[in-house]
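Participant: show me how the following folds:
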Amino acid sequence: MANADPLLLVLKLAKDAEEQAALLLKAAQLECQKRQNQLAALNNYRLDYMKQMQSQQGQAISASHYHQFHRFIRQIDEAIAQQNRVVADGEKQKNFRQQHWLEKQKKRKAVELLLDNKEKKRQVLELKKEQKMTDEFASQQFYRRKQQQ
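Facilitator: Next up, the predicted model:
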């Protein structure tokens, strides 16, 4: 292993970095989904509360109850607006992590391509070397036959 290609170490490091970036991307995707679920829950809660209030329509409702209802709806709307900002932030983070992962993947593929090209060159040199040895062996045999005749 003394003459191991240094590019193999670079490839290992590139794979590790890509794997780490993939884990971070997965975590960002899960967090983004969690934030979206929380937003959906808030929207559903608001809708349910509106339906509940609508079902009481036609009944006598005190002014304070009506005022509390509107204040509560405003609070839910503020929470929804805040959650929309949280979701947008999560999307930005997810997109950043995705770009980071794609960069790491690109670097890994570049190192693999370098190694592949290096191996192909080595194989070509090996074939040329073998061909040269075969040619030399054939010419020596030809020369010996000529000498024997």
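
Participant: so in this protein, which helix runs the longest?
Facilitator: Longest helix of the chain, by residue count under DSSP state H: helix 63-148.

Participant: what average pLDDT does it get?
Facilitator: The pLDDT scores in helix 63-148 average 93.

Participant: what's it packed up against?
Facilitator: Applying 3 or more Cβ pairs under 8 Å, 6 or more residues apart in numbering; DSSP states H and E, one finds that helix 63-148 contacts helix 6-55. C-beta coordinates here come from the backbone N, C-alpha and C atoms, glycine included.

Participant: just the angle between the helix it packs on and helix 63-148, please?
Facilitator: If you take axes from the mean of the first three to the mean of the last three Cα atoms, to 10 degrees, helix 6-55 sits at 160 degrees to helix 63-148.

Participant: helix 6-55 packs against which elements?
Facilitator: Judged by 3+ Cβ pairs under 8 Å, 6+ apart, the packing partners of helix 6-55 are helix 63-148.

Participant: so how far is the longest helix of the chain from its chain's centroid?
Facilitator: Put simply, helix 63-148 sits 9 Å off its chain's centre (Cα atoms, centre = their mean, to the nearest Å).
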